[in-house]
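Colleague: need a 3D model of the following:
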Amino acid sequence: MGKDAVERARPELRGSDLGILGIEALHYYVRDLDRARRFYVERLDFEELGESSPGLREGGRQRSVAFRAGECVVVCSTPEGEGGRAWRYLRIHPDGVGSIVFRVEDADRAFALLDGRGGTPVQAVQTFETPGGLIKTFVITTPFGDTTFRFQERRGDVPLFPGFAPYETPRGGKNGLGFEHFDHVTSNFATMSPALLWLEHVLGFERFWDVQFHTDDVHGEPGEHGSGLRSVVMWDPRSGVKFANNEPYRPHFKDSQINVFHEENRGDGVQHVALHVSDILACVRGLRARGVEFMPTPAAYYELLPRRLEAMGVELEEPLDELRDLGVLVDGDGRDSYLLQIFLKDSAGLYGDAEAGPFFYELIQRKGDQGFGAGNFRALFESIEREQRGKDER
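Modeller: Below is the predicted model:
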């Protein structure tokens, strides 16, 4: 049943949106929880909020620790024995995003809409009461590989999730790098049409932006060729939540970095998540000082940048030399409308461990531009291809 039919059958559900308030957290499954803790606390300066209670650890057969900077919350879970959710995910995939948590106004209404539109709930809405209030929550499966979506309604002063045991005082970082919120989620698919249709007809998202290109001019040695992608961004206009979705683009489908991700991840899934920052130059300087590595930007990018900025009518507040030194990318569509972005190396590259996975973070600072850096998409694509070639050579 489509969303129009649902609303005709149940007038109380009239209105296409699910009441999403935003992305509340990422649930990330890892083999090495101590390594994850060092990354978030020591490298990214996130604070450690708490962990799963003994009862939840035993029942769920996994241990979870939550980290936060600004409104960005990442819950890292590792298996303790067999049979738990983290164990089932990691039995198939390298480390990666196993679930995305959305905060909603009304969990019962969101469930009814999703169920009526053909969504696939894992269970009915569950209610957990605490001394400070209550949590209503449910999970649905998705076309994003083995990544599920959780919808959560909060009332009152309640923990991050049922069974979460917060520390009396958060430990570790102080968010000195200025992380603010999740900007968007990017996922890779062998074919993305099912995901686009699902986002539109089940979640009620709308098309926001799209691009396609091929990098036949990206050559290394004679006989090498480039590859391409198609990308479509879908969004929830009310909350501003955005999902970018990529698939390989012919003719060199198998060589596309989107297909390489699919092979390394052993299926479709979340490629990267963008974290919005208050001052990207200060953030990148701080991260580099902490030993964080970023994907390299081709030197030609900065040689061509002044001409691109002039064509776009963009006047930067930031010194061009500093952007070049830090490797920060620029895109925009007018004098007071541009964005700055940069991409961390993927986890496998950061740790030298293929099972750490191909997931990575993007940093973005928006200065009036709400787009997706169409001019930078190609630079990122080329950068990832060069990184993948470097892995093959090593």
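
Colleague: show me the contacts for Val101.
Modeller: Ile23, Glu24, Ala25, Leu26, His27, Phe149, Arg150, Phe151, Gln152, Phe161 (Cβ atoms under 8 Å, 6 or more residues apart in numbering). In this view, the C-beta of every residue, glycine as well, is placed from N, C-alpha and C.

Colleague: for stretch 51-60, buried residues please.
Modeller: For stretch 51-60, a neighbour-count test (16 or more other Cβ atoms under 10 Å) marks Glu51, Ser52, Ser53, Leu56, Arg57, Gly60 as buried.

Colleague: could you say which helix or strand holds the fourth one?
Modeller: I take that to be Leu56. Using DSSP states H and E, Leu56 maps to helix 54-60.

Colleague: which secondary structure elements does that helix contact?
Modeller: Judged by 3 or more Cβ pairs under 8 Å, 6 or more residues apart in numbering; DSSP states H and E, helix 54-60 is in contact with strand 62-69.

Colleague: okay, now the sheet partners of the strand it packs on, with direction.
Modeller: Applying DSSP bridges, strand 62-69 is found paired with strand 47-52 (antiparallel), strand 72-79 (antiparallel).

Colleague: run through who's touching the first one.
Modeller: Yep, that's strand 47-52 we're talking about. 37, 40-41, 60, 62-69, 73, 77, 159-160, 163-167, 170-175.

Colleague: what's the ChimeraX syntax to select whichever of those are buried?
Modeller: Buried residues among those (16+ other Cβ under 10 Å), as a ChimeraX selection:
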select :37,40,41,60,62,63,64,65,66,67,68,69,73,77,159,160,163,164,165,170,172,173,175
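
Colleague: for Tyr28, see how far away Arg171 is.
Modeller: Taking Cβ to Cβ, to the nearest Å as the measure, Arg171 falls 18 Å from Tyr28.

Colleague: what pairs with Ser99 across the strands?
Modeller: With DSSP bridges as the rule, Ser99 is bridged to His27, Thr148.

Colleague: so who does it touch?
Modeller: Taking Cβ under 8 Å, 6+ apart, one finds Leu26, His27, Arg85, Val139, Thr147, Thr148, Phe149, Arg150 in contact with Ser99.

Colleague: so what pLDDT did Tyr89 get?
Modeller: In this model, Tyr89 is scored at 98, pLDDT.

Colleague: and for Gly118, the neighbour number?
Modeller: 13 (other Cβ atoms under 10 Å).

Colleague: find the nearest non-adjacent residue to it, please.
Modeller: Val202 (5.8 Å; Cβ to Cβ, 6 or more residues apart in numbering).

Colleague: contact partners for the one you found?
Modeller: Leu114, Arg117, Gly118, Gly119.

Colleague: make a ChimeraX selection of whichever of the contacts of Ser99 turn out to be buried.
Modeller: Of the contacts of Ser99, the buried ones go into a single ChimeraX selection, burial set by 16+ other Cβ under 10 Å:
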select :26,27,85,139,147,148,149,150
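
Colleague: which of the contacts of Ser99 sits closest to Pro319?
Modeller: Leu26 (33.5 Å; Cβ to Cβ).

Colleague: and the gap between the residue nearest to that closest one when sequence neighbours are not counted and Glu48?
Modeller: Residue nearest to Leu26 in three dimensions, not counting chain neighbours: Val74, with 5.0 Å by Cβ to Cβ, 6+ apart. Distance, Val74 to Glu48, by Cβ to Cβ: 11 Å.

Colleague: now swap in Glu168 and tell me
Modeller: 12 Å.

Colleague: what about these two, which has more around it?
Modeller: When Glu168 and Glu48 are compared for neighbours, Glu48 comes out ahead with 17 against 6, by other Cβ under 10 Å.

Colleague: beta partners of that one?
Modeller: Bridge pairing for Glu48 - DSSP bridges - gives Phe67, Arg171.

Colleague: does Ser231 count as helix, strand or coil?
Modeller: Three-state assignment for Ser231 (DSSP: H, G, I helix; E, B strand; the rest coil): strand.

Colleague: make that Leu160, sorry
Modeller: Criterion first, three-state DSSP; result for Leu160: coil.

Colleague: hang on, the earlier thing: can you list residues touching both of Val74 and Glu48?
Modeller: Tyr40, Ala66, Phe67.

Colleague: make a markdown table out of those residues and add pLDDT and distance to Gln257.
Modeller: Below are the shared contacts of Val74 and Glu48 laid out as a markdown table (pLDDT from 0 to 100; distance: Cβ to Cβ, whole Å):
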| residue | pLDDT | distance to Gln257 |
| --- | --- | --- |
| Tyr40 | 98 | 26 |
| Ala66 | 98 | 31 |
| Phe67 | 98 | 28 |
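
Colleague: could I get the residues you listed as CSV with distance to Ala289?
Modeller: Putting the shared contacts of Val74 and Glu48 into CSV (distance: Cβ to Cβ, whole Å) gives the following:
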residue, distance to Ala289
Tyr40, 17
Ala66, 26
Phe67, 20
